[in-house]
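Asks: Structure here, sequence nowhere to be found:
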């Protein structure tokens, strides 16, 4: 039996000795390694070992949570004592109906890649320098910054119903920022990739894409304010949908009436061509897992089916409150689980159904509009409205991609956005936990600086 | 168990002795320069939602992050726990990783020797959070929850968060610095969701500072629930903001966010060395109108961005980034000051022991001018008053930034009118501050917050007076 499993079993006894009756315990043994390049030169190699223990105790439905970094007995005891006493301190909560029952979760394929786990620091550095060579391959590129991170996680989960599960996961992330200069013009291209397996092809793709987008941004033009069709690149749709859909269907926000999707189950909220599933079973996707953060077996489910809202995302608490089964969306955060926060509801991998248009067809068909590649703005989930900076975007003119847009914003209500999806791309990529093709919104308010 | 007992639980030889032994070991393992951050801390987070406890969290952490440097290459290794054997092993690993970096590095440089500081800094704290029973903290959170709920019957959901931190941090380096900081900070925040005619709006208010439990017992702290509720209620009769270019008067909070996003990040010297700041090569050049003086100052006592020594053991200092419109300085850590031939000025910060120190802001603000804010507004024919800050971000290499407000109001011929919601403002680093046409005299250093960079959070504040900016791009739905 592994160290984490042994410690998890011992911690069950510790919590019970302090009087805990309803609880779950997560023991992790994580490690991570990173390599970083600054302005084309290797800058830093790093490694971290991060063992920890998280203990959550319920008393009359009132929760207490404590964690310690490391596996030291004295700290685990302190955490157990604190979790039990905190649970006792809170008021009772009749909506808490209990933790998942013991059961077996099928261990999913595509969670752990030995070649990620065994990657050495000098190998990681060489991979990153290959990326830099690709990204620097244009005389206008003045600087390339890049990073590569691998993480390996081993977790053991126990609860007071006798649930006993463990799994091992890996993750692999690369990132690059290429900066282009030409005279007074300066622009940067960002690109990244994430997977649970070592993805050599992403090294070249990330380097090339960062370079191409940096150089493209050297020629910029202002546009006027107006209502225009917006093609959202998978990077932009991934970022916005992670929150607009992933956050909007969080059952906790829905039950507390903090989400614009409260009370809309079974209703049409988007166009026929807009379908989204939450799927923790996708091989090698970073959100995939055999069981959720409370031990509920992972399960693929439809969230939006042909424009109709089919499901909210639940953990055991919100499911108990609605008297339904948990959808297995209790998250312990990130590709490799963390002991540092109590579990909370999150999507696993959101998958947006593909359409049948190529990107070229979408641009050609648009005629005049904008192509939004990147925004980092958050929709307001209470009002269901989105306004954001178009951090990287291009004009579409005469059915072709034109100059990069200098300083512009985009704004639209989220339900309008979903119902105005009139074209969906046929090639997907993963971005911010969402596997999505490009989507076209028939009209949104674009704020220009001309 | 109180905090002193907790610290002693595993201390053995004392954190200071372990730190110095680790630095020695890194040097013996081949490092030219080595430093470390060692921490032992306790923390509490309480979240109350709609009258019930959502979570009560206790954080128990000890760990150490060690950096080794060899000829342009850094190695960084992290361990949890502070046993001497683990820490020595981590020091050795850092040196090994530095060799890997050095072998692959193209750019060579040295870390210039900085003054050796052997200091103890104790943040002011009247009531250590660990001395307050968890039931009292929970009562405080429940009290805020009630005050939000009783403010108005249109409030449909409420959130209160209480957070405290109590830690001991040791920073040591091979120049002989050994700085021990006893650190406390405490925060409370409230959010309210209000609903009327099918529309839901959210309001938010927070209070926080370095210091103990007294921070959340102030008169100002007692009002955060009511203020959050009032904002949510006010926003119920707001309209979506219009998009386009406007003359904008920014309130103290938005001025602070502008200072932080429009120029602060681009003045971090690591962005300049990375070739990723549009301010590269512009030292001594005019980047703003003469009214604008922009400062970052971690030395201001009783602020959320306060620190006396940075996370590399360097004494903190006030940085004048823009002096009357002219770009006059950058913020540095030991590496950037060595490479750019200036003195280290104490802007190296790490979120915790598990992150390497990078160049960060602290308390960032635009200095006050001498006009009354009413005059700034009176002169606007058609523009917007922008109130309250939600968040912002910038890409210094693209020279573009945005910042999102809580509320916006139309100004027509000097009169404040229609209320708007969800407006974002966007600007260009090299242009926006040239458009500042008025700086008021009503200086305020505003709310506590966290600034994110390279995956690390740093506690910061920002602020300033009301200012007027021409041609700001407002983004909205209408």
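Replies: All right, it came through fine. Keep in mind it's a predicted model, so treat the numbers as computed, not measured.

Asks: List the residues that contact the residue nearest to residue A:222 when sequence neighbours are not counted.
Replies: Of all residues not flanking residue A:222 in the chain, residue A:450 sits nearest, at 3.8 Å (CB to CB, 6 or more residues apart in numbering or on different chains). (C-beta placed from N, C-alpha, C; glycine too.) When the contact criterion is CB atoms under 8 Å, 6 or more residues apart in numbering or on different chains, the partners of residue A:450 are A:222, A:223, A:224.

Asks: wait, is the last one part of a helix?
Replies: Meaning residue A:224. No. Residue A:224 is assigned coil when assessed by DSSP: H, G, I helix; E, B strand; the rest coil, not a helix.

Asks: What count of nearby residues applies to it?
Replies: 12 (other CB atoms under 10 Å in any protein chain shown).

Asks: follow-up on the earlier one: quick check: which element contains the residue nearest to residue A:222?
Replies: Assigned by DSSP states H and E, residue A:450 belongs to no helix or strand.

Asks: Against chain A, how distant is residue B:75?
Replies: When CB to the nearest CB, to the nearest Å is applied, the distance between residue B:75 and chain A equals 6 Å.

Asks: List the residues that contact that residue.
Replies: Residue B:75 makes contact with A:44-46, B:31, B:67-69, B:93-101, according to CB under 8 Å, 6+ apart.

Asks: Show me those that map onto helices.
Replies: Among those, DSSP state H puts B:93, B:94, B:95, B:96, B:97, B:98, B:99, B:100, B:101 in helices.

Asks: In this structure the fourth one contacts residue B:29, no?
Replies: To tie it back to what came earlier, the one meant is residue B:96. Yes. Residue B:96 is in contact with residue B:29 according to CB atoms under 8 Å; the separation is 7.3 Å.

Asks: Mind pulling the model confidence for residue B:263?
Replies: Listed pLDDT for residue B:263 reads 88.

Asks: How about the contacts made by it?
Replies: So residue B:263 contacts B:279, B:287, B:288, B:294, B:321, B:322, B:429, B:433 (CB under 8 Å, 6+ apart).

Asks: what's the closest of the contacts of residue B:75 to residue A:341?
Replies: residue A:46 (22.5 Å; CB to CB).

Asks: Show me what the closest one bridges to in the sheet.
Replies: Beta bridges link residue A:46 to residue A:34, residue B:76, judged by DSSP bridges.

Asks: That one: what's it in contact with?
Replies: A:33, A:34, A:35, A:36, B:75, B:76, B:77, B:78, B:97, B:356 are the contacts of residue A:46 under CB under 8 Å, 6+ apart.

Asks: How is the chain partitioned into domains?
Replies: Since no chain was named, I'll use chain A. A:3-216, A:220-240+A:354-447 (automatic domain parsing).

Asks: switch to chain B, that's the one I care about
Replies: Per the record, chain B has its domains at B:3-235, B:239-475, by automatic domain parsing.

Asks: Kindly reformat those as CSV containing distance to residue A:310.
Replies: Output for these, formatted as CSV (distance: least, CB to CB, whole Å):
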stretch, distance to residue A:310
domain B:3-235, 22
domain B:239-475, 28
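
Asks: how about the strands in the stretch 351-478 of chain B?
Replies: According to DSSP state E, counting those that start in this stretch, the stretch 351-478 of chain B carries its strands in the segments B:358-359, B:363-366, B:382-395, B:400-412, B:415-421, B:424-428, B:436-439, B:444-453, B:456-464, B:467-475.

Asks: Which one of the ones you listed lies nearest to residue B:141?
Replies: Closest to residue B:141 of those is strand B:444-453 (CB to CB; 17.1 Å).

Asks: pLDDT below threshold where in the chain?
Replies: Defaulting to chain A. Scanning chain A for pLDDT under 70 picks out A:1.

Asks: Can you look at chain B instead?
Replies: Of all residues in chain B, those with pLDDT under 70 make up the ranges B:1-13.

Asks: Now do the helices for it: every range, in order, please.
Replies: With DSSP H applied, chain B shows helices at B:3-9, B:15-28, B:84-104, B:134-151, B:219-222, B:224-235, B:252-258, B:269-273, B:334-340, B:373-378, listed in chain order.

Asks: So which of those helices is nearest chain A?
Replies: Of all the helices of chain B, it is helix B:84-104 that lies closest to chain A, at 3.7 Å by CB to the nearest CB.

Asks: How far off centre is the closest one?
Replies: Put simply, helix B:84-104 sits 30 Å off its chain's centre (CA atoms, centre = their mean, to the nearest Å).

Asks: tell me what it is packed against?
Replies: strand A:41-59, helix A:121-135, helix B:15-28, strand B:33-49, strand B:52-70, strand B:73-80 (3 or more CB pairs under 8 Å, 6 or more residues apart in numbering or on different chains; DSSP states H and E).

Asks: what separates the helix or strand harbouring residue A:65 from the chain centre, distance-wise?
Replies: Residue A:65 belongs to strand A:62-69 when assigned by DSSP H and E. Averaging C-alpha positions (CA atoms, centre = their mean) puts strand A:62-69 24 Å from its chain's average.

Asks: For residue B:152, the count of nearby residues, please.
Replies: Other residues near residue B:152 come to 16 when the count uses other CB under 10 Å.

Asks: residues contacting the closest residue to it other than its chain neighbours?
Replies: Leaving out its chain neighbours, the residue that sits closest to residue B:152 by CB to CB, 6+ apart is residue B:233, at 5.1 Å. Counting by CB under 8 Å, 6+ apart, residue B:233 touches B:151, B:152, B:154, B:155, B:194, B:201, B:203.

Asks: most surrounded residue in those?
Replies: Going by other CB under 10 Å, residue B:194 tops the contacts of residue B:233 with 28 neighbours.

Asks: Can you give me every residue that contacts the spatially closest residue to it that is not a sequence neighbour?
Replies: Using CB to CB, 6+ apart and skipping residues adjacent in sequence, the residue nearest residue B:194 is residue B:232, 3.8 Å away. By CB under 8 Å, 6+ apart, residue B:232 lies in contact with B:155, B:192, B:193, B:194, B:201, B:202, B:203.

Asks: Report the closest residue of the stretch 51-200 of chain A relative to chain B.
Replies: Closest residue of the stretch 51-200 of chain A to chain B, CB to the nearest CB: residue A:143 (2.8 Å).

Asks: Can you report how many residues lie near residue A:184?
Replies: Using other CB under 10 Å, residue A:184 is surrounded by 6 other residues.
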